[in-house]
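J.: The following block contains a protein sequence and its predicted model.
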Amino acid sequence: MIFLKTEDEIELLRQSNQLVGKTLAEVAKHIKPGVTTIELDRVAEEFIRDHGAIPTFKGYPNQNGQPFPGTLCTSINDVVVHGIPNNTELKDGDIVSIDCGVFMNGFCGDSAYTFCIGEVAEEVKELLRTTKESLYLGIQNAVQGKRLGDIGFAIQQHCEAKSYGVVREFVGHGIGRNMHEDPQVPNYGRRGSGTLLKRGLCIAIEPMITLGTRQVTMDNDGWTVRTRDRKPAAHFEHTIAVNSGKADILSTFDYIEQVLGNNVI
Ligand code: MG
Ligand code: MG
């Protein structure tokens, strides 16, 4: 069941999502060769709790009922999503997708960004650029009167034109009082198909795009999703509210990109 949000509810969603953007920026300050993903996780958890919010991912159960142990999903190189923070050190040439969720004043925030560590191969930077572009193309289609399939179509077309893989098994989602609400928001689709988009629909749009095959595998930990060919994957996510004319982007990359400065890809 889809819950359309009132203006007051959208403002609360915005506050939660702005905190996610600030948390990712705080994490960005610590991203460098030698830092471990568990250290980044501690930075995020402390920042979120200091701001009176709760990390939504922590304790979130997978389909087997196993709770996610981290505040962040930290997905390095061939890990597409749901990487568990651990003692792995980031190294020069890596990419890491960091996904963050918070719960504050009754509403969730959810946003993700893929970061480069040091000098990253040009073909991987191009994957990141294209994934981020596809997110904004999806958002351009998240307006009143269009349909859900228009969002996925825009993302898929942009990424497949460069022969990248569009992951099918994981999708975006409605968001509100719960992190995952209806509808599901696939990163592929047919133009003009699916649910009609109405003002007040709040969704997380999150393309997960691979350099090679779109096929993925799951590690034995029940969380870590990798590309089957072990080539890198990128993940960018915004939470938005459908509006007339132009979507209202409730999350933000501005704080992150202020920290990255000239290193924004
Ligand atoms: Mg997310
Ligand atoms: Mg999400």
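T.: Thanks, I have the structure now. Numbering: from 1, shown residues only. Ligands and ions are numbered 1, 2, ... in the order given.
J.: alpha carbons only for contacts and neighbour counts from here, please
T.: OK.
J.: count of neighbours near residue 126?
T.: Residue 126 has 14 neighbouring residues, counting by other Cα atoms under 10 Å.
J.: now it: how far from ligand 1?
T.: 22 Å (Cα to the ion, to the nearest Å).
J.: For the helix or strand containing that residue, enumerate the helices and strands it packs against.
T.: According to DSSP states H and E, residue 126 maps onto helix 122-140. Other helices and strands packing on helix 122-140, by 3 or more Cα pairs under 8 Å, 6 or more residues apart in numbering; DSSP states H and E, are helix 148-160, strand 202-205, strand 208-210, strand 233-235.
J.: could you dump the ones you listed to CSV with mean neighbour count, mean pLDDT and distance to residue 244?
T.: Compiled in CSV, the helices and strands packed on helix 122-140 are given as follows (neighbours: other Cα atoms under 10 Å; pLDDT from 0 to 100; distance: least, Cα to Cα, whole Å):
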stretch, mean neighbour count, mean pLDDT, distance to residue 244
helix 148-160, 24, 98, 15
strand 202-205, 30, 98, 13
strand 208-210, 30, 99, 27
strand 233-235, 31, 99, 27
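J.: So in terms of bridging, what pairs with residue 196?
T.: residue 147 (DSSP bridges).
J.: which ones are touching it?
T.: 144, 145, 146, 147, 148 (Cα atoms under 8 Å, 6 or more residues apart in numbering).
J.: For the closest residue to the second one other than its chain neighbours, give me the backbone phi and psi.
T.: Nearest non-adjacent residue to residue 145, counting by Cα to Cα, 6 or more residues apart in numbering: residue 197, 5.7 Å away. Note on residue 197: its backbone torsions stand at phi -90, psi 130 [degrees, to the nearest 10].
J.: how close does residue 197 sit to residue 71?
T.: From residue 197 over to residue 71 the distance is 31 Å, taken as Cα to Cα, to the nearest Å.
J.: ok, now residue 221?
T.: On the measure of Cα to Cα, residue 221 and residue 71 end up 17 Å apart.
J.: These two - which one has more neighbours?
T.: residue 71 (28 against 11).
J.: Surely the more buried one touches residue 58?
T.: Yes: with contacts counted by Cα atoms under 8 Å, residue 71 reaches residue 58, the gap being 5.1 Å.
J.: quick one, what contacts the closest residue to residue 70 other than its chain neighbours?
T.: Once flanking residues are discounted, residue 70 sits nearest to residue 58: 5.1 Å by Cα to Cα, 6+ apart. Residues in contact with residue 58 (Cα under 8 Å, 6+ apart) are 67, 68, 69, 70, 71, 72.
J.: of all the residues you listed, which comes closest to residue 50?
T.: Among the contacts of residue 58, residue 71 lies closest to residue 50 (Cα to Cα), at 13.7 Å.
J.: list the contacts for that closest one?
T.: Contacts of residue 71 (Cα under 8 Å, 6+ apart): 41, 42, 44, 45, 55, 56, 57, 58, 100, 101.
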